[in-house]
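Participant: Structure for the following, please:
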Amino acid sequence: MNKINTILIGLLVLITSCSSPVEKRLTDYVNPFLGTATLWDSIDLGYKPTRRAWGAEVFPGSSLPNAMVQVSPVTLFRSGSGYQYEDTVIYAFTHTNKGHWNLCHIPLMPATGTFAPDDYKSAYSHKNESAHPGYYQVFLERYDINAELTSTLRCAYHKYTYKEGQPKKLIADLSISNEGVRNWSISQENENIFKGFQETGEKMYFYAISNHKIEKIDSLRNDKKVISIVNFIDNAKPEPLELKIGFSFVSIENAKANLEAEIAEKSFTEIRDEATDTWEDLLSKIIVSGGTEKQRGLFYSSLYRSFLWPALRSDVNGDFTDVKGQVVNKGFQYYTDPSFWDDYRNKLVLLGMISPTVAVDVINSITDKGEKTGFMPTFFHGDHASAFVAGSYLRGLRGYDINSAYNLVLKNATVPGSRPHLAEYIEKGWISEMDLENPVLETVAKAAVTKTQEYSYDDYAVALLAKELNDKDNYEMLMKRTSNYKNLFDPSTELMRGRLENGEWIKKFDPEFPYYEYMYREANGWQSAFFAPHDPEGLIALYKSKDDFETKLDSLFTIPWKGYEAHNLTGFIGQYCHGNQPDHSAPYMYYFVDKQEKAQAILDSCMNHFYGMGKEGLALSGMDDAGEMSAWYVFNAIGLYTFSPADAEYIISVPLFDKIVFTLDKDTKFTILKEGTGKKITNITYGGEKLDGYFITHDQLKQGKDLVITTN
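Facilitator: As a prediction, the model looks like this:
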């Protein structure tokens, strides 16, 4: 009887343990396909599309945080990231990606049977496709091959399961990428190794080890193009074809060293598990409680997407190819330039909060480039490395030459050569626009209003550094320039308006019409009206009263979009465009006229409607732009935002979640708690003490206390 009881108790314990819910890992919330779908519905877009709209332009493949390698499928070359969810074929798997119209180095495609140089793509189905942080899988219908991909910082691991008995081949189409290919090479080293390079704007080397013996590498050509074919001997072996590939932007020897250091004898499963653990560690820096399952999925997918760029460019030994084309070793990790115009607003701050070592080396990297070219790097528009450097330094990040970085951003602000039209900006205090008779949507001009506004903010960022480094003269000079944006405020329209060289206002002024680069950069007069994150009170003072300003701000969100079809402008609340960056700080202006709850209504609407859109629930309202859209969601979902990223402080809003535990470093955690379910904030305390206003400093957060946000 005792023996029977013991058995029954053991069975009950086993049944109970087996039926207990398995705790969901944070990586399981991440959907790498989020952002890969395109919007086609006119209600979602804001206009009736006559062409494919720009989506988030992200990739679903495998990468580690800020890695050199992003191994991902290409469904159409020279189209954003190269992957569009609505496409039905895969051309290759490439090894670099930004989610933009470039990169996609070293295209490889497993194959069998017959194919042609210009016809080797394979059909696929989303039913036989999956992705997870650090892993991608798809079944290639044309070849009956199941493809699996995983990666390390500088290496890719391919696993191809062929139908039994089928000849194993690998297509290397090194003549194509998302950029123009200048030169390429592929050769066999021995029975298991092939190597080579592809040269575009960068020269990427590879060193590949196969678990199947290589017979030879052939060329297949027609009158259109040539591709290389790696042929394998032991096709009767049932084992999948596995390729371990190291990469380098320095040399084949370094690519081999990277492979030996990061993969060596490890199995595919081991590398995949390591990738999952790496992402789990990063995602665990912010633990959220409460909210819906969908909100948690959007949150961790957005957090994941925020850490894929900038990308590593140095090898395990520290070597990198610098901006002058020289191989050097400076003792830090070398990274690509950030997408400053896009992500200085939020993502680069998030990078410094969660991955400070990476942020420090990004500053080392751009400083190294600046020292060799004479100016700090810029990107697309504006001069926003200044905000990144200033904000990082004021948040306490060290480990780079701040004096060199400061001298470079100061030179950008004072010496013509980096900022377009700087001499005119210094002389007049504003930049004039070209006198055009019939500007159209795609007109390329000076974007004079946007430049004046952004240079004013960049001057403010440099001024903050000048003050911190006791450069009083330059601080005072720059602070005078921070009001330059006011010179383009037109009292008759109460909007920022372009002026001709003689000072007259541009007569053909329609603030609802979007321009690519006429007066405004990828925006219209409404979307550009409220940008002065360094001086919101000064901007409001240009209006007749706070009530007058509030009415004008209301108009941004209530005047209907007139259906203009413009690339980069999708997803509207009135004239406000969440699908592009220029007005992302506009909702917070309600705070400065004592209407915080109005801002929250807009923020909630954006989070509820502009993420996970479309029939598949996989679209964003616009381009993710190297993580800017994603980082916007991350910050607002936890109730903090980088209203002025150069300032080491955050504006507080109502979080989506009831509790957030944020780890700033290994030893510092602060907690955000939401009390109530309303949009109006009635009280904010930190460490039990009431905060004065809606801002909290980075130094306060580093104290590791509880931030309690009470609403009704």
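Participant: is it true that residue 668 touches residue 699?
Facilitator: No - in this structure, residue 668 is not within contact of residue 699 by Cβ atoms under 8 Å, at 11.2 Å. The C-beta positions use only the backbone N, C-alpha and C, and glycine is treated the same way.
Participant: Next, the buried residues of the longest helix that the chain contains.
Facilitator: When the chain is parsed with DSSP state H, its longest helix is helix 448-468. Buried residues in helix 448-468, counted by 16 or more other Cβ atoms under 10 Å: 448-467.
Participant: Could you tell me how many residues sit around residue 444?
Facilitator: 11 (other Cβ atoms under 10 Å).
Participant: Any figure for the gap between it and residue 531?
Facilitator: 21 Å (Cβ to Cβ, to the nearest Å).
Participant: Over to residue 297?
Facilitator: On the measure of Cβ to Cβ, residue 297 and residue 531 end up 32 Å apart.
Participant: Can you check the pLDDT for residue 429?
Facilitator: Note on residue 429: pLDDT of 98.
Participant: show me what contacts it?
Facilitator: 481, 484, 487 (Cβ atoms under 8 Å, 6 or more residues apart in numbering).
Participant: repeat that for 6 Å
Facilitator: Residue 429 makes contact with 484, 487, according to Cβ atoms under 6 Å, 6 or more residues apart in numbering.
Participant: Distance of it relative to residue 539?
Facilitator: Applying Cβ to Cβ, the value for residue 429 to residue 539 is 16 Å.
Participant: and what of residue 38?
Facilitator: 36 Å.
Participant: again with residue 689
Facilitator: Taking Cβ to Cβ, one finds residue 689 at 30 Å from residue 539.
Participant: Among these two, which residue is more densely surrounded?
Facilitator: The residue with more neighbours, out of residue 689 and residue 539, is residue 539; 22 against 9, by other Cβ under 10 Å.
Participant: so what's residue 235 scoring on pLDDT?
Facilitator: Confidence score, pLDDT, at residue 235: 74.
Participant: how much space between it and residue 149?
Facilitator: Counting by Cβ to Cβ - residue 235 and residue 149 are separated by 22 Å.
Participant: Looking at those two, which has the bigger crowd around it?
Facilitator: Using other Cβ under 10 Å as the criterion, residue 235 and residue 149 rank with residue 149 on top: 25 against 17.
Participant: so is that one in a helix, a strand, or just coil?
Facilitator: strand (DSSP: H, G, I helix; E, B strand; the rest coil).
Participant: Which one's more surrounded, residue 297 and residue 531?
Facilitator: residue 531 (24 against 19).
Participant: what residues does stretch 631-648 touch?
Facilitator: 299, 302-303, 306, 344-347, 349-350, 387, 390-391, 394-395, 461, 464, 533-534, 585, 588, 603, 611, 650-653, 655-656, 660, 672, 698, 709.
Participant: can you tell me the distance between the two ends of it?
Facilitator: With Cα to Cα, to the nearest Å as the measure, stretch 631-648 spans 17 Å from end to end.
Participant: How far does that stretch sit from its chain's centre?
Facilitator: Between the centre of stretch 631-648 and the centre of its chain there are 15 Å (Cα atoms, centre = their mean, to the nearest Å).
Participant: what do you get for stretch 388-403?
Facilitator: The answer for stretch 388-403 is 21 Å, by Cα atoms, centre = their mean.
Participant: what's the answer for stretch 681-688, then?
Facilitator: How far stretch 681-688 lies from its chain's middle: 32 Å, per Cα atoms, centre = their mean.
Participant: and what of stretch 542-555?
Facilitator: 34 Å.
Participant: do the same with stretch 47-57
Facilitator: 20 Å.
Participant: likewise stretch 661-680?
Facilitator: 24 Å.
Participant: Tell me who's in contact with residue 124.
Facilitator: Taking Cβ under 6 Å, 6+ apart, one finds 90, 138, 141 in contact with residue 124.
Participant: May I have the residues that are in contact with the first one?
Facilitator: So that's residue 90. Residue 90 touches 73, 75, 122, 124, counting by Cβ under 6 Å, 6+ apart.
Participant: ok, and the most crowded of the residues you listed?
Facilitator: Using other Cβ under 10 Å as the neighbour criterion, residue 73 leads these with 26 neighbours.
Participant: Setting the sequence-adjacent residues aside, check what's closest to that residue.
Facilitator: Using Cβ to Cβ, 6 or more residues apart in numbering and skipping residues adjacent in sequence, the residue nearest residue 73 is residue 90, 4.8 Å away.
Participant: bridging residues for the one you found?
Facilitator: Bridge pairing for residue 90 (DSSP bridges) gives the partners residue 122.
Participant: separation between it and residue 124?
Facilitator: Distance from residue 90 to residue 124, by Cβ to Cβ: 5 Å.
Participant: do the same with residue 428
Facilitator: Counting by Cβ to Cβ, the gap from residue 428 to residue 124 is 57 Å.
Participant: cool, and residue 75?
Facilitator: From residue 75 to residue 124 the distance is 9 Å (Cβ to Cβ).
Participant: Run through the neighbouring helices and strands of the longest helix of the chain.
Facilitator: In terms of contacts (3 or more Cβ pairs under 6 Å, 6 or more residues apart in numbering; DSSP states H and E), helix 448-468 is packed against helix 385-394, helix 402-414, helix 472-481.
Participant: Out of those, flag the one nearest residue 254.
Facilitator: helix 402-414 (27.0 Å; Cβ to Cβ).
Participant: Would you mark the buried spots in that closest one?
Facilitator: For helix 402-414, the neighbour count (16+ other Cβ under 10 Å) marks 402, 405, 406, 407, 408, 409, 410, 411, 412, 413, 414 as buried.
Participant: end to end, how far does stretch 530-544 reach?
Facilitator: Termini of stretch 530-544 sit 15 Å apart (Cα to Cα).
Participant: go on, stretch 128-148?
Facilitator: 11 Å.
Participant: Now do that stretch, average pLDDT.
Facilitator: For stretch 128-148, mean pLDDT rounds to 98.
Participant: what comes up buried for that stretch?
Facilitator: In stretch 128-148, counting by 16+ other Cβ under 10 Å, buried: 129, 131-140, 142-143, 145-148.
Participant: Now, these that are in helices?
Facilitator: Judged by DSSP H, helices contain none of the buried residues of stretch 128-148.
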